[in-house]
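Asks: Provided below are the primary sequence and the corresponding predicted coordinates.
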Number of protein chains: 2
Amino acid sequence: MIDPLTDYPGYQLRRASAAAMADLADRLGVLDLRPAEATVLLVIEANPSATLSEVGRLLRIASANMTPLIARLEGRNLIEREPMDGRSQGLMLAPLGRSLTRQVKAVVADHEAALIEKIPATTRDEFLRTLRAIWAGE
Amino acid sequence: MIDPLTDYPGYQLRRASAAAMADLADRLGVLDLRPAEATVLLVIEANPSATLSEVGRLLRIASANMTPLIARLEGRNLIEREPMDGRSQGLMLAPLGRSLTRQVKAVVADHEAALIEKIPATTRDEFLRTLRAIWAGE
DNA sequence: TATTGTTATACTCTATAACTATA
DNA sequence: TATAGTTATAGAGTATAACAATA
């Protein structure tokens, strides 16, 4: 079998990302969290009182998709909403969310460590810069 | 807003891949093809008479998902099946599929060229090697 | 027994359009 | 008018389980 895609950076990027995402999803499964939910928790922790739209813009998740995601986290008592003005809501971690986010960070650290191991040490910074450059300007 | 994810190769990989995939999907939309369908056409062209399972293994697409994908391509008269033995079916491009695959290659080349532009020339080979290393051993 | 292909189903992420309430 | 959030819906990719037919 000939693989006509080995020299396509785009295809290799897709396969690499899919592999990494599958690993992350597996690890987060222990906490009953999906990757998108975990990243939202991390962003809220880093930005207390950030609004749904702000978090969505940072993560490139449309508000129509943020709404049910946030509702699930709220339903599990992981986050709380505080009205900012008549339409905006500040999001912050609830006590349960704070402890779970600590676990998320440990899980993500393990995942990232396993990933980084596969990147030659001398090229790690350049690799990261290149990835950022690929989606920069969105 | 603080982005707690800028230093995570895994997250940057995900964003870069998502951006590249969105660009590819846009471009392939002109041919009324989805990325998975386009890659299947390329693999069949490179490997005439490869079976559904073989193509699926190469692209890491489960046979349960290959079946409807192949059925769509066959329904559009892009590919044909030829029984190999009682259970295997060799896949090959139909005349319509051959000309469409030529267009696919042009579209993919444009897409990949735009992507490669964002990767510093001196690090392109290393970047590709690293991506392959990340999903190697699946 | 193992493999090929199929069916049915569900999950995750993403995308769009239409709507309300507020700024 | 523009923005925040919501609802409903659809698309694309992926995953699992179960199955019939064949090797």
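Replies: Nice, I can see it.

Asks: which bits of chain A sit near DNA strand D?
Replies: When proximity is defined by C-beta under 7 Å from any atom of the strand, chain A lies next to DNA strand D at A:18, A:22, A:51-54, A:63-68, A:70-71, A:84, A:87-89. For every residue, glycine as well, the C-beta is placed using N, CA and C.

Asks: go again using 10 Å as the cut-off
Replies: For chain A, the residues in contact with DNA strand D (C-beta under 10 Å from any atom of the strand) are A:14-15, A:17-19, A:21-22, A:25-26, A:50-57, A:62-71, A:74, A:81-91.

Asks: now list the buried members of those.
Replies: A:14-15, A:17-19, A:21, A:50-52, A:54-56, A:66, A:69-70, A:81, A:89-91 (16 or more other C-beta atoms under 10 Å in any protein chain shown).

Asks: specify the local secondary structure of the nearest residue to residue A:56 once chain neighbours are set aside.
Replies: Distance criterion C-beta to C-beta, 6 or more residues apart in numbering or on different chains; nearest residue to residue A:56, sequence neighbours excluded, is residue A:66 at 4.3 Å. Under DSSP: H, G, I helix; E, B strand; the rest coil, residue A:66 falls in the helix class.

Asks: residue A:66 contacts residue A:55, doesn't it?
Replies: Yes: between residue A:66 and residue A:55 there is a contact under C-beta atoms under 8 Å: 6.8 Å.

Asks: touching both of these two, which residues are there?
Replies: residue A:40 (C-beta atoms under 8 Å, 6 or more residues apart in numbering or on different chains).

Asks: please enumerate the strands of chain A.
Replies: A:50-51, A:79-83, A:89-93 (DSSP state E).

Asks: quick one: which of the ones you listed is nearest residue B:118?
Replies: strand A:50-51 (29.0 Å; C-beta to C-beta).

Asks: can you list contacts of the closest one?
Replies: A:43-44, A:58, A:84, A:88-91, B:1.

Asks: distance from that strand to the middle of the chain?
Replies: 16 Å (C-alpha atoms, centre = their mean, to the nearest Å).

Asks: strand partners (parallel or antiparallel) of that strand?
Replies: Next to strand A:50-51 in the sheet, as set by DSSP bridges, lie strand A:89-93 (antiparallel).

Asks: mind saving the C-alpha coords of the partner strand as PDB?
Replies: Taking C-alpha atoms only, strand A:89-93 is exported to PDB below (Å, rounded to 0.1, in the frame of the first residue of the first chain):
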ATOM      1  CA  GLN A  89     -22.600  36.900  33.100                       C
ATOM      2  CA  GLY A  90     -19.300  36.500  34.800                       C
ATOM      3  CA  LEU A  91     -18.200  32.900  35.200                       C
ATOM      4  CA  MET A  92     -16.200  31.600  38.100                       C
ATOM      5  CA  LEU A  93     -15.200  28.300  39.600                       C
END
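
Asks: what angle do it and strand A:79-83 make?
Replies: In terms of direction (axes from the mean of the first three to the mean of the last three C-alpha atoms, to 10 degrees), strand A:89-93 departs from strand A:79-83 by 150 degrees.

Asks: list the contacts of strand A:89-93.
Replies: By C-beta under 8 Å, 6+ apart, strand A:89-93 touches A:41, A:44-45, A:48-52, A:55, A:70, A:78-84, A:101.

Asks: hmm, 6 Å instead?
Replies: Strand A:89-93 has contacts (C-beta atoms under 6 Å, 6 or more residues apart in numbering or on different chains) with A:44-45, A:48-50, A:79-84.

Asks: pLDDT added to those residues, as CSV?
Replies: As requested, the contacts of strand A:89-93 are arranged in CSV below (pLDDT from 0 to 100):
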residue, pLDDT
A:44, 98
A:45, 98
A:48, 97
A:49, 97
A:50, 98
A:79, 98
A:80, 98
A:81, 97
A:82, 96
A:83, 95
A:84, 95
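
Asks: which of the residues you listed sits closest to residue A:127?
Replies: Closest to residue A:127, out of all of these and judged by C-beta to C-beta, is residue A:45, at 26.2 Å.

Asks: now, among the contacts of strand A:89-93, which is nearest to residue A:124?
Replies: residue A:45 (25.0 Å).
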